[in-house]
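Asks: Have a look at this fold, sequence not included:
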C-alpha cells in the first residue's frame, strides 16, 4: 500500500491518509525497518531472559565456571551450572532485529497491539475509500 505505483490505483482520500505524517512515520521508522530485517536478514531477536544487576553478576560468575576445564570435577558440574544459568532472570519484554546496527529495542507486546490497531485502521480506510 505504500508503493507509489500501487497508490496510483487508490482514491485520493486513501492516498492522503497513507501520506499523513503518522502513517509515514510508522511505515518508515518501524514497519519497513523491521519487515526488511525479517525478509532479508535475520529473525527478530527476543532475549531468553532479562537480568537485574545481581543476576548479571551471578550469570558472569557461572559462565566462567562453565568454561573451567581445569579438573574433571569442574567439568562434571556443567549440567548443574547450566540449570542455574537457565533459572536466572525473567521473561524479556523486548525485541530487536540487530545488536550491531543500532536497532532500537521495542516492547514486544505493546508493539503487537499498536501494529494490530494500525493495520486495522489501514484496512478500514481501504474499505471506506476503495470498496463501494
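Replies: Perfect, thanks for sending it. Predicted model only: the values in this text are computed from it and were never measured.
Asks: Can you report how many residues lie near residue 110?
Replies: By other CB atoms under 10 Å, 10 other residues sit near residue 110. C-betas here are computed from N, CA, C, even on glycine.
Asks: quick one: it and residue 95, what's the gap?
Replies: 11 Å (CB to CB, to the nearest Å).
Asks: Let me know the helix or strand that the most centrally placed residue in the chain is in.
Replies: For the chain, residue 95 is the residue whose C-alpha lies nearest the centre (CA atoms, centre = their mean; 3.2 Å). Using DSSP states H and E, residue 95 maps to strand 94-95.
Asks: That strand: partners in the sheet, and parallel or antiparallel?
Replies: strand 106-107 (antiparallel) (DSSP bridges).
Asks: what's next to the partner strand, contact-wise?
Replies: 30, 93-96 (CB atoms under 8 Å, 6 or more residues apart in numbering).
Asks: for this protein, what helix or strand is lowest in average pLDDT?
Replies: Here the helix or strand of the chain ranked lowest by mean pLDDT, DSSP states H and E is helix 32-40, holding a mean of 69.
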